[in-house]
Structures are given as C-alpha cells and as structure tokens.
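Engineer: Okay, here's the prediction I keep looking at, along with the sequence it came from:
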Amino acid sequence: MSSWQGLIKEYGEYLPVSNETPNLSLSEGNTPLVPLERLSKEWGVEIHVKYEGANPTGSFKDRGMVMAVAKAKEEGSKAIICASTGNTSAAAAAYGARAGLRCIVVIPEGKIAMGKLAQAVMYGAEVLEIKGNFDHALEIVRAISEVEPITLVNSVNPYRIEGQKTAAFEVCDALGQAPDVLCIPVGNAGNITAYWKGFKEYHEAKGTGLPEMRGFEAEGAAAIVRNEVISDPETIATAIRIGNPASWDKAVAAASESNGKIDFVTDEEIIHAYQTLATKEGVFAEPASAASLAGLKKQIDSGEIKQGSKVVCVLTGNGLKDPATAIDSVEVKPTQLPNEKDGFLAHLKQGVAL
Ligand code: F0G
C-alpha cells in the first residue's frame with residue numbers, strides 16, 4: 001500500500017519546489033470529495049462537498065501553509081507572522097512548529113473560535129490579540145514584515161496560493177473533470193484565487209475544463225459585492241469577518257473570467273445550511289464553510305445555477321473548530337436523565353414504540 005505523502009511530494013511538478021525545498025509535510029491534502037445524495041435529490045443538482053476539515057489542522061489553510069513555511073525555511077527565514085481569524089494561525093503554528101520556526105500570530109480580540117485559539121497556543125505560537133478586526137491585524141503584520149526579517153504567511157504570500165491551488169487538482173481527479181460550478185466562501189479572497197489558478201493550470205495540462213466560480217461573502221462583510229471597504233464587518237461566520245479582502249481584484253477576475261459571480265449570503269442562510277449539512281448529510285463543517293452551500297441554494301432558487309448542474313461546494317473548515325456556535329445554534333440541548341435504566345428507557349419510549 002502506498003500512502004499519501006503530502007502536497008510537496010505529490011504535486012511537486014506543479015509547485016515552485018526544487019531539491020533545496022525542505023520536504024515539509026503533515027500529510028495535508030487528499031481530502032474527501034463527498035457526494036450529498038439527499039440534498040442533490042431535493043435541490044435538483046448533483047452536489048459534492050470538498051471536505052477540507054479533514055486536513056491535519058482541520059482547514060484548507062494547511063495546503064497553503066506547507067508551501068509558505070517550506071519556502072520560508074528554504075530561504076533561511078527564522079520566523080513567520082500572520083494575521084488571522086483563526087484557521088491561518090492554527091496552520092501557521094502547526095507548520096511553524098514542524099519546521100522549527102518562531103511563529104507570531106495576530107488575532108482580533110474576542111472574535112476567534114475557541115478550537116482555533118486552542119490550536120495556536122498548543123502548537124506553541126506567540127498569540128497576540130489586538131483591539132481591532134482582521135483587516136487591522138493584516139495591516140500591522142504586512143508593515144512589520146516589510147521592514148523586519150520575518151516572513152509573512154498570509155495569503156498575500158504567493159506560495160500560499162500555490163499550495164492551495166492543489167485542491168482544484170484533487171476535485172478534477174476525483175470527478176474526472178472540473179465540475180460545472182464551484183461554490184466557495186470568500187473572506188480575504190485567497191482561496192477563490194487559488195482554486196481558479198488551479199483549475200486553469202490543470203485544464204492546460206490535462207484538458208479538465210473550467211467551472212463557473214461562485215464565491216460567497218457574508219452579508220455583513222460583503223465588501224466585494226457592495227464594491228466598498230466595510231470598516232466594521234460583522235457576521236456569525238467569524239472566519240470570513242473581513243471588510244477589505246487582500247485578493248479583492250483576483251476574486252473579481254476569477255468570477256468574471258469563469259462566467260461566475262461574487263454574491264453574499266445572510267447569517268440566517270449560513271446557519272440554516274450549517275445545520276442542514278449536519279442533520280441531513282452527516283457532515284459537520286464550520287459556519288463560514290456553510291456559506292458555500294447557502295450560496296448554492298440561493299442561486300438555485302434564483303435560477304442562476306441550472307437544474308442538473310454538477311456542483312462542488314468547498315467546505316473550508318471542520319465543525320469542531322467552533323463548538324460554541326454549534327451549541328448556540330440548536331434549540332434542543334442535551335436532556336438530563338436519572339442514572340438508572342428504567343427511567344432512561346421510559347424517556348426513549350415517550351410517544352414512540354421502540
Ligand atoms: N473558510 C474558512 C473556514 C476560513 O478560515 C477562511 C479564511 C475562509 C473560508 C475564507 O478564505 O480568506 O481565502 O477567502 N480564513 C482566514 C484566517 C482569513 O485567518 O484563517 P479566504
């Protein structure tokens with residue numbers, strides 16, 4: 001049995017790597033593409049989800065981070081820095097630890113899911129909180145990395161995009177070709193940029209075709225859709241609570257070149273999709289990830305996505321990252337029962353024959 005060796009080994013021919021590049025890996029990539037059979041039937045389209053929560057730190061960021069950190073190491077850097085709504089910091093901390101680099105992460109105060117914070121501290125990163133949002137944090141780390149010998153590992157680092165484009169390769173390999181439509185959450189807009197690059201490169205190499213790129217911001221952070229910087233972005237999907245996306249122009253280009261669209265979804269639509277995925281399909285992704293499925297539903301209803309289309313929704317992060325939102329989003333809390341079998345069974349039989 002040959003086992004998966006991580007992105008640098010597996011996709012080296014498509015990546016800017018050489019013999020000097022360290023073979024950094026936590027066996028990232030090779031994530032499942034899961035068909036959603038029930039929802040496909042209900043909604044009249046063929047839906048598959050790319051489950052990026054199966055990556056080593058539980059999000060798609062591992063794909064970009066393995067490349068960014070390997071190149072930082074190759075270039076002799078001793079430290080990495082990033083701003084983050086949580087997942088980037090978890091991935092930077094993990095790969096930084098693996099590569100033996102100092103890792104500094106800057107997060108917005110109080111707006112980061114607990115699982116992500118736990119990861120960053122556990123992997124030994126220096127975690128700095130600012131009284132500001134992600135956009136402010138990104139401004140600070142960009143400025144510092146310009147003058148100090150510290151490598152910036154946000155998605156403005158081109159190696160991040162290189163690593164993340166491999167997800168598009170995997171989608172094409174799993175389906176035999178590109179889907180008709182790719183639905184993806186948009187925050188800082190690095191991932192939609194990476195997927196589009198990946199689809200184009202694979203099409204050039206293997207003739208796999210190109211999907212319509214459909215990206216979804218949260219309504220309270222929909223800078224691209226509204227075509228204005230949002231100084232105080234707000235959404236329950238904290239991962240995409242971003243008001244001035246760094247790769248704004250590239251997201252717009254991906255949508256327009258592919259005949260797709262950047263749209264927004266409301267927090268209500270996000271939470272509904274988040275719960276539907278879990279209860280109807282057994283798939284638990286974090287709220288920001290569910291923006292892709294919420295967007296799919298919105299554009300099926302509007303007629304923009306045609307019946308019968310083959311669609312891939314990118315589920316960017318694992319639901320376990322953010323247990324607080326999960327618990328808060330359901331009305332039915334765990335039922336308390338006596339520690340005794342008869343009372344327990346009586347409860348199970350309430351109104352139903354077993
Ligand atoms: N989904 C999740 C779970 C994310 O963590 C992010 C971004 C996105 C979607 C949006 O991706 O920024 O490439 O458009 N999280 C960043 C972070 C900002 O700091 O972890 P994008």
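Structural biologist: That came through fine. Please read these numbers as outputs of a predicted model, since none were measured by experiment.
Engineer: quick one, helices of the stretch 201-350 of the chain?
Structural biologist: Along the stretch 201-350 of the chain, the segments classed as helices by DSSP state H, counting those that start in this stretch run 223-226, 248-257, 267-281, 287-301, 323-329, 341-349.
Engineer: what about those, which gets the closest to the ligand?
Structural biologist: Of all these, it is helix 287-301 that lies closest to the ligand, at 3.9 Å by CB to the nearest ligand atom. Every C-beta, even on glycine, is put in place using the N, C-alpha and C of the backbone.
Engineer: Can you tell me which of the helices of the stretch 201-350 of the chain is most buried?
Structural biologist: Highest mean neighbour count among those (mean count of other CB atoms under 10 Å): helix 287-301, with a mean of 27.
Engineer: Now do that one against helix 267-281, angle only.
Structural biologist: Here helix 287-301 runs at an angle of 90 degrees relative to helix 267-281 (axes from the mean of the first three to the mean of the last three CA atoms, to 10 degrees).
Engineer: Say whether the ligand is contacted by helix 287-301.
Structural biologist: Yes: legend: contact between helix 287-301 and the ligand by CB under 6 Å from any ligand atom is shown at 288, 289.
Engineer: So which elements touch that helix?
Structural biologist: helix 37-43, strand 46-51, strand 181-185, strand 212-218, strand 261-265, helix 267-281, strand 310-315 (3 or more CB pairs under 8 Å, 6 or more residues apart in numbering; DSSP states H and E).
Engineer: Mind doing that once more with 10 Å?
Structural biologist: Under the contact criterion of 3 or more CB pairs under 10 Å, 6 or more residues apart in numbering; DSSP states H and E, helix 287-301 touches helix 37-43, strand 46-51, strand 181-185, strand 212-218, strand 261-265, helix 267-281, strand 310-315, helix 323-329.
Engineer: Just the buried positions in the first one, please.
Structural biologist: By neighbour count, with 16 or more other CB atoms under 10 Å as the criterion, the buried positions of helix 37-43 are 39, 40, 43.
Engineer: what bits of the stretch 251-354 of the chain have low per-residue confidence?
Structural biologist: Within the stretch 251-354 of the chain, no stretch has pLDDT under 70.
Engineer: Contact residues of it facing the ligand?
Structural biologist: 286, 288, 289, 316, 317.
Engineer: likewise the chain?
Structural biologist: The chain comes close to the ligand at residues 59, 61, 84-88, 155, 185-191, 239-240, 286, 288-289, 316-317, as judged by CB under 6 Å from any ligand atom.
Engineer: Stretch 325-345: how far from the chain's middle?
Structural biologist: On the basis of CA atoms, centre = their mean, to the nearest Å, the separation between the geometric centre of stretch 325-345 and that of its chain is 31 Å.
Engineer: Quick check: end-to-end length of it?
Structural biologist: In stretch 325-345, first residue to last residue: 31 Å (CA to CA, to the nearest Å).
Engineer: which other residues reach that stretch?
Structural biologist: Outside stretch 325-345, the residues within contact range by CB atoms under 10 Å, 6 or more residues apart in numbering are 113-114, 236-238, 270-272, 274-275, 278-279, 284, 286-287, 319-320, 322, 346-348, 354.
Engineer: That's all I had, so thanks and see you.
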